[in-house]
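Engineer: I would like the atomic coordinates for the input below:
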Amino acid sequence: MSTILVVEDEDILREVIIDYLIEDGYKVLEAADGEEALELFQSNSVDLVILDIVLPEVDGWSVCRRIRKKSNIPIIILTARSDEDDSLLGYELGADDYLIKPYSPRVLMAKVKRFLEKHSGALDGMIMSAGGIVINIGSRLVAVDGNIINLTHTEFEILAYLMKNKGIVISRDQLISKIWGYDFYGDEKTLNSHIRNLRAKLSSKGKCIVTVIRYGYKFEEEQV
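Structural biologist: This next block holds a predicted model:
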């Protein structure tokens, strides 16, 4: 049974989310402020975090940043603002997806299910290696020239998909559909932000992810 940490300071909204999660068979931990959320995360094994941004004590941005330093579990941000800068900041801090209030609880549940299915390591044991990058799908570990690097859930999924299709140009629409599904609420800037973060973490190997102008991306083992 997967454990979900719900961080929301509005009691009614938090209770609605919890009811839906319990109905879908998940174990739920709940926090009404950022400090409590971090304490629960530290003392429990958590598989996914649903995180409101505007919180008392410690805000959602800080919670996201501190969780991401310790874990690559999926983080879904909830925000009452549709400001593009807010969503991009969330992705830069390591969030995997976001929903703007008001949202459909069932859409949230669909995202939770999708992330957990991907994060469970359904292809356990599969290892891919190219360009000095090694990925273990089961353990979700990534090594660059023998050094382990920490990727978010979404960064890992993007890298794995591009490496699996090495040499093939993947359109932005294909990549968005594969990683987030057809109910994706962001735009190409969201994908670009994740690609930029991924390249930075891959350091010199980031050049293996090649931009195909006005179309998409591909993974190339060697650059001329």
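
Engineer: Three-state assignment for residue 175, please.
Structural biologist: Following DSSP: H, G, I helix; E, B strand; the rest coil, we place residue 175 in the helix state.

Engineer: quick one, what contacts it?
Structural biologist: 158, 161-162, 191, 216-217 (Cβ atoms under 8 Å, 6 or more residues apart in numbering). Backbone N, C-alpha and C define where each C-beta goes, glycine included.

Engineer: ok, then the element right after the lowest-mean-pLDDT helix or strand in the chain?
Structural biologist: The least trusted helix or strand in the chain, going by mean pLDDT, DSSP states H and E, turns out to be helix 84-92, with a mean of 69. Sequence-wise, the next helix or strand downstream of helix 84-92 (DSSP states H and E) is strand 97-100.

Engineer: and that following strand, what's buried?
Structural biologist: 97-99 (16 or more other Cβ atoms under 10 Å).

Engineer: please report the distance of the spatially closest residue to residue 154 that is not a sequence neighbour from residue 36.
Structural biologist: Nearest residue to residue 154 in three dimensions, chain neighbours excluded: residue 96, at 4.4 Å (Cβ to Cβ, 6 or more residues apart in numbering). Distance, residue 96 to residue 36, by Cβ to Cβ, to the nearest Å: 22 Å.

Engineer: between the two, point out the one with more neighbours.
Structural biologist: It is residue 96, of residue 96 and residue 36, that has more neighbours when counted by other Cβ atoms under 10 Å, with 28 against 19.
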